[in-house]
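Asker: Here you go, sequence then predicted model.
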Amino acid sequence: GTNWSATRLLLLLVLLLDAHAQPDIGQDNIIPNRQHGVAVGERGHVYSTHNGGFAWVRQRLMNRREVDLSSVFVFDDNSAVAAGGDCGGLYGGTTCGIYYREAGFATIEEHEWEKARLDVDGALGNNLRRLSFVSFCSHSLGFVVGEQGSILRSTNGGLNWGAAPSGTLEALQTIHCSGVELVLVAGSSGIILRSVDQGTTWTLPSSLPDPSSHIVALLMQNSRFGFAVGDR
């Protein structure tokens, strides 16, 4: 992840849900095994399945229906963390958030996901805008990225979050973990940031892809070789 070069790839994304049948759902979904999964989308829609997608139960965000969720991560024990919405510089408002579901509630209809606590002050908090993507490198270490270079970090499985200064104001769209030893985030203007200290500090690689590209996905085969894909 130290050096990157540009290439042209065709990216095909297949979602589990039928976007035509459920226009509010399908922003993001993840199936951690062959039976359990979560789908999230606009206006706080959350659906959970325990039978491989044949049946879904509706769940909801605690006291919040305005949040347009864009990403979700599900752990092996079926606890989950979802993120999305535009904070407008105020995480305590009603239009954005990071929400979590504890293990044991995957099949409960109308179960409320709780809003995680975020400790962000000053300029970092004022710059907090749209949250784009959530991912975990281990059961404890996780990240949420978004606009204005926002990187949020959790070390307790998503219950509490703090800010990790990224050094950029580019919109960040995706995260990839190679264990906890190497973490990459990427987004607009071909930006790729890397961390080798579990997300405490972030640096630019020595070379970057085409700055006109918008990176939407990362994959590292190992600590040396990987791919970044996007538009243009």
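Answerer: Right, received. Where do you want to start?

Asker: Residue 141 is in contact with residue 155, correct?
Answerer: Yes. Residue 155 is in contact with residue 141 according to C-beta atoms under 8 Å; the separation is 5.9 Å. Glycine gets a C-beta too; all of them are placed from N, C-alpha and C.

Asker: For beta bridges, what are the partners of residue 219?
Answerer: When bridges are called by DSSP bridges, residue 219 pairs up with residue 227.

Asker: quick one: it and residue 139, what's the gap?
Answerer: In this structure, residue 219 lies at 21 Å from residue 139, with C-beta to C-beta, to the nearest Å as the measure.

Asker: For the protein, just list every one of the helices.
Answerer: Applying DSSP state H to the chain gives helices spanning 122-126.

Asker: Point out where it drops to low pLDDT.
Answerer: Segments of the chain classed as low confidence (criterion: pLDDT under 70) are 1-34, 64, 121-125, 206, 208-209, 232.

Asker: burial count for the residue lying closest to residue 126 once chain neighbours are set aside?
Answerer: Take residue 126 and drop its neighbours on the chain: the residue closest to it by C-beta to C-beta, 6 or more residues apart in numbering is residue 89, 4.7 Å away. Residue 89 is flanked by 13 other residues according to other C-beta atoms under 10 Å.

Asker: is it true that residue 89 touches residue 147?
Answerer: No. Using C-beta under 8 Å, residue 89 is not in contact with residue 147, being 11.1 Å away.

Asker: Touching both of the two, which residues are there?
Answerer: Here residue 89 and residue 147 have residue 129 as joint contacts, going by C-beta atoms under 8 Å, 6 or more residues apart in numbering.
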